[in-house]
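In: what's the 3D shape of this:
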Amino acid sequence: MSTNSASTTKNSNNPAGRHKLVVQFLEYMVGGGVWFWSGYGIFAICYSGFGWNWLWAKMLADAVGWTLNFLIQRYWAFNDPRLAHKGIRVSKRYAAITALNFVLDYLLIWGLKSIGITPYIAFFISAALFTAWNYLWYKLWVFNPKSS
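Out: The predicted structure is shown next:
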């Protein structure tokens, strides 16, 4: 069940509106889960299996996860018919917030790795930190049909 960003905002004070927000958040979490687990698997194969440097393994993992996540967020969790002709705007915004996230994420993983924390654990820490952050950016700016 997809929800529309504009209607969920104005209806968040009634039970039906809250239900739509919860459903949307769960759909968002599915997209995040697909990103995380596909990326985690690709990272494990490249880093531990092929012996790649953590940075190159993470970059490939993120490229795959990023693409899958965008498709799920755009066409399911934040699907809205008013976004039909705003593909370039939505894609640019998604790329912008993702670029910022990549910088923050890579610095976090590098920092944790430099103090002896394995990148495998750092992935979980990073995912926990970015969950609410990304939901708010996606809902209020990236996929918001009213946002100019």
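In: for N79, helix, strand, or coil?
Out: coil (DSSP: H, G, I helix; E, B strand; the rest coil).
In: show me where this structure has its helices.
Out: 5-10, 15-44, 54-72, 87-114, 119-137 (DSSP state H).
In: so what touches the third one?
Out: So the one you mean is helix 54-72. The contact list for helix 54-72, computed with C-beta atoms under 8 Å, 6 or more residues apart in numbering, reads 27, 30-32, 34-36, 38-43, 46-47, 50, 91, 94, 98, 102, 105-106, 109-110, 113, 119. Glycine gets a C-beta too; all of them are placed from N, C-alpha and C.
In: same thing but at 6 Å, please
Out: Helix 54-72 is contacted by residues 31, 34-35, 38-39, 42-43, 46-47, 94, 98, 119 when judged by C-beta atoms under 6 Å, 6 or more residues apart in numbering.
In: quick check, pLDDT for the closest residue to I125 other than its chain neighbours.
Out: The shortest distance from I125 to any non-neighbouring residue, by C-beta to C-beta, 6 or more residues apart in numbering, is to L112 (6.6 Å). Predicted confidence (pLDDT) for L112: 97.
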